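Participant: Fold the following and give me the result.
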Amino acid sequence: MTLQPRPGLLDIKPYVPGAAAPEGAVKLSSNENALGCSPKAADAFKAAASSLHIYPDGGATELREAIAKMESLKADQIVCGAGSDELLQLIGKAYLAPGDKVVQSQYGFLVYRLVAMQSGAEIVSAPEKNYTADVDALIETAGDDAKIVFLANPNNPTGTWISGSEIRRLREGLPASTLLVIDCAYGEFVDAPEYEDPLALVSEYGNVVVTRTFSKIHGLAGLRLGWMYGPKEVVDVIHRVRGPFNVNLPAIEAGTAAIQDRDFLKKSKEHNDQSLAFLTQQLGGLGYEVTPSVCNFVLVHFSEAPGKTADDANKYLAERGLIVRGVQPYGLPNALRISVGLEEHNRAVVDALEAFAKA
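Facilitator: Numbers count the residues shown, from 1 in each chain. Predicted structure coming up:
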């Protein structure tokens, strides 16, 4: 008899990350930090090389305490993981059963669908307005029986966000039995007054979890490091399903240094603000529709006319050594997501798309 996996697993389409860049090309497909990582984090990583024969602290205590200090949180309500992706999957593993309903926004992060399908749950998408999450639609879609609602704020791949008051309205419109998971992978890039860091909601409600990552503004994507903050009851459950050493020693050391290097965060934020404004203004001036973004990328929409589609533009850019991200799997076949790069990379993208528009 042929060995068969659990029903439904073969229906999963594996997540495909942003394309790697060939030698000499510029990778703008994965929303990585154009400035690299904190020099202090890099030094801490190198220093950890002398201790690679030692198991890491299974509770990542040093890292959790550093995060708690910098974010004014309680360390015992923090769980660290191999990227926020792992934490999202642990949440699904802990709370989802076959047949459960999971809700996301229309253009939500692809990992949410994977989390649901891995547990045999049903994923349902709530329609968005202007590529932005719609709280009324999320509440209506969740109904009385949603087990988890996943919301990325800001969202990938659109770069849009909703206000703190809207997040609160969403939580209050959901049943107490529904866990609201707010994915803030790009939260550090936002400084709009209406944007509220949802970490405060964890202490106000017993059914909110917030995830964060070191992959974006901290520039540690290669280490796979993230963290979540949640009620003690949820944190206790996650500890029961995670691996005992799910965060490696170099990641703990580099993450501890990174979270404390506020100068690097400030530098990264300033670079992103300038680059985002440049790309949005320049590409908009060329006639492209650019969805307003607060993240370290822009979503650029293209024509359906033959020779002018997103796929055509993607190939045109790739031929010129600029690797960006097609977003067909998100239901956006006529758009490309372009990460913020160094100044010369941003200018090269603008110049290439100007030439593409005239070709």
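Participant: OK, contacts around the residue sitting nearest the centre point of the chain?
Facilitator: Nearest to the geometric centre of the chain sits A185, at 4.2 Å (C-alpha atoms, centre = their mean). Contacts for A185 (C-beta atoms under 8 Å, 6 or more residues apart in numbering) come out as S84, A152, N156, T211, R212, T213, S215, K216. C-beta: built from backbone N, CA, C; applies to glycine.
Participant: so of those, which ones are in helices?
Facilitator: Counting by DSSP state H, those place S84 in helices.
Participant: Show me where the chain dips below the pLDDT cut-off.
Facilitator: Counting by pLDDT under 70, the chain shows low-confidence ranges at 1.
Participant: now the lengthiest helix in it: how far from the chain's centre is it?
Facilitator: Using DSSP H to define each element, the chain has its longest helix at helix 262-285. Distance of helix 262-285 from the chain centroid (C-alpha atoms, centre = their mean, to the nearest Å) equals 18 Å.
Participant: coming back round to it: from K101, how far off is the residue nearest to the centre of the chain?
Facilitator: Separation of A185 from K101 (C-beta to C-beta, to the nearest Å): 24 Å.
Participant: Walk me through the domains of the protein.
Facilitator: Listed domain ranges for the chain are 9-36+263-358, 39-261 (source: automatic domain parsing).
Participant: Please work out which of the ones you listed is packed deepest.
Facilitator: With neighbours defined as mean count of other C-beta atoms under 10 Å, those peak in mean count at domain 39-261, which reaches a mean of 19.
Participant: Give the full set of residues in contact with the closest residue to G206 other than its chain neighbours.
Facilitator: Leaving aside its chain neighbours, G206 sits nearest to P231 (5.2 Å; criterion: C-beta to C-beta, 6 or more residues apart in numbering). By C-beta under 8 Å, 6+ apart, the contact set of P231 is Q77, V202, G206, N207, V208, V209.
Participant: Of the residues you listed, which pair is most distant in space?
Facilitator: Q77 and N207 (13.9 Å; C-beta to C-beta).
Participant: Apart from its neighbours in sequence, what residue is nearest the residue nearest to the centre of the chain?
Facilitator: Using C-beta to C-beta, 6+ apart and skipping residues adjacent in sequence, the residue nearest A185 is T213, 4.6 Å away.
Participant: Please name the bridge partners of that neighbour.
Facilitator: Judged by DSSP bridges, the bridge partners of T213 are G226.
Participant: so it touches G83, yeah?
Facilitator: Yes: with contact defined as C-beta atoms under 8 Å, T213 reaches G83; the gap is 6.3 Å.
Participant: and for these two, which residues touch both?
Facilitator: In contact with both T213 and G83: L225, G226, using C-beta under 8 Å, 6+ apart.
Participant: Show me the strands in the chain, by range?
Facilitator: 26-27, 78-81, 101-105, 122-126, 146-152, 179-183, 208-213, 226-229, 289-291, 297-301, 322-323, 325-327, 332-339 (DSSP state E).
Participant: Same list (these) but as JSON lines, adding distance to A60.
Facilitator: Shown next, in JSON lines, are these (distance: least, C-beta to C-beta, whole Å):
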{"stretch": "strand 26-27", "distance to A60": "29"}
{"stretch": "strand 78-81", "distance to A60": "4"}
{"stretch": "strand 101-105", "distance to A60": "27"}
{"stretch": "strand 122-126", "distance to A60": "30"}
{"stretch": "strand 146-152", "distance to A60": "24"}
{"stretch": "strand 179-183", "distance to A60": "20"}
{"stretch": "strand 208-213", "distance to A60": "14"}
{"stretch": "strand 226-229", "distance to A60": "8"}
{"stretch": "strand 289-291", "distance to A60": "36"}
{"stretch": "strand 297-301", "distance to A60": "29"}
{"stretch": "strand 322-323", "distance to A60": "33"}
{"stretch": "strand 325-327", "distance to A60": "31"}
{"stretch": "strand 332-339", "distance to A60": "28"}
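Participant: For T256, which of those is the nearest?
Facilitator: Proximity to T256 (C-beta to C-beta) singles out strand 78-81 among those, at 10.4 Å.
Participant: Give the other helices and strands that that closest one contacts.
Facilitator: If you count contacts as 3 or more C-beta pairs under 8 Å, 6 or more residues apart in numbering; DSSP states H and E, strand 78-81 packs onto helix 61-71, helix 83-95, strand 226-229, helix 232-241.
Participant: closest one to A21 among these?
Facilitator: Closest to A21 of the helices and strands packed on strand 78-81, according to C-beta to C-beta: helix 83-95, at 20.7 Å.
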